[in-house]
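build me a model:
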Amino acid sequence: MPTNTHTESCIRSERGALVFTAPGSGRLRDGSRVQIVDVFALQMATGYTRDPQGRLLLEAQPSVAAGRSWSLAKAAQLIRNDARPHRWVALELNKRAWGLFWAGGGLQRCRELLADRLSEAEACTALVPATPEALLRLMLELEPQGSPRPITGAQRWREPTPSDTCTPWSGPTSWTVVAWTSLVWLVVLGLTVAGFLGALERQDRKLELLLQRTAPQAPVSP
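Sure, this is the predicted structure:
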């Protein structure tokens with residue numbers, strides 16, 4: 001996964017949650033819109049339930065379009081109170097933030113930062129490699145796989161409130177299909193170019209070493 005010099009400045013902790021923002025965004029307002037990403041399972045938060053002990057559990061699906069949007073204040077509260085708080089990143093709804101997160105090394109860096117904090121219980125979900133194929137599946141799954149069903153008792157699903165939704169990101173219309181497809185191909189292109197440049201650089205180093213070894217030595221003057 002390629003890295004970007006801006007990546008480190010995009011990652012910060014706000015209200016007890018790890019947040020990834022666009023370069024130069026500074027501290028986000030509580031009302032700024034974000035999506036919640038499970039960086040290890042490559043899933044987007046779609047809602048939340050509670051287990052029999054009353055602990056909050058974020059629900060997620062491997063689909064960008066199915067992911068809900070939240071205010072930063074709400075997202076941080078959910079991440080902080082989740083039974084597995086060190087799996088989640090609040091990703092700002094911003095084109096530059098998305099580009100750096102998915103194709104500029106932000107995802108990998110967030111994984112590294114959160115891996116040091118994971119408990120054994122939180123690490124139970126298998127790590128999904130951040131390959132181009134995995135990112136394509138995540139982003140091209142434009143049709144949500146059905147709405148969450150209400151669960152009775154302690155695990156009752158909570159209906160989204162108007163403050164938790166963001167209309168421009170809520171459904172797959174024709175222009176969102178074009179936008180997501182373009183973003184996917186940009187991500188794949190970035191990964192492909194980065195891999196090609198890395199291989200080319202390694203080949204140049206090998207060729208330089210070979211030339212140094214085979215270069216004729218200058219004759220020693222009497």
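
let's see the strand of greatest length in the chain as PDB, backbone CA atoms only.
Longest strand in the chain, counting residues (DSSP state E): strand 43-50. This file holds the C-alpha atoms of strand 43-50, laid out as PDB (Å, rounded to 0.1, in the frame of the first residue of the first chain):
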ATOM      1  CA  GLN A  43     -16.800  -2.900   6.500                       C
ATOM      2  CA  MET A  44     -18.900   0.200   7.000                       C
ATOM      3  CA  ALA A  45     -21.100   0.800  10.000                       C
ATOM      4  CA  THR A  46     -24.800   0.600   9.200                       C
ATOM      5  CA  GLY A  47     -26.400   0.800  12.700                       C
ATOM      6  CA  TYR A  48     -26.000  -0.600  16.100                       C
ATOM      7  CA  THR A  49     -27.500  -3.100  18.500                       C
ATOM      8  CA  ARG A  50     -26.900  -4.200  22.100                       C
END
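
let's test this: mean pLDDT of it, rounded?
Averaging pLDDT along strand 43-50 yields 95.

helices of the protein, start to end?
Per DSSP state H, the chain carries helices over the ranges 7-10, 72-81, 95-103, 106-115, 132-140, 174-214.

neighbouring contacts of the first one?
Right, helix 7-10. The contact list for helix 7-10 (C-beta atoms under 8 Å, 6 or more residues apart in numbering) reads 20-23, 25, 97, 100-101, 104-106, 109. (C-beta placed from N, C-alpha, C; glycine too.)

now those: which count as buried?
Buried by 16 or more other C-beta atoms under 10 Å: 20-22, 25, 97, 100-101, 104-106, 109, out of the contacts of helix 7-10.

please identify which pair of the residues you listed lies farthest apart.
Farthest-apart pair in the buried ones among the contacts of helix 7-10 is 25 and 105; separation 17.3 Å (C-beta to C-beta).
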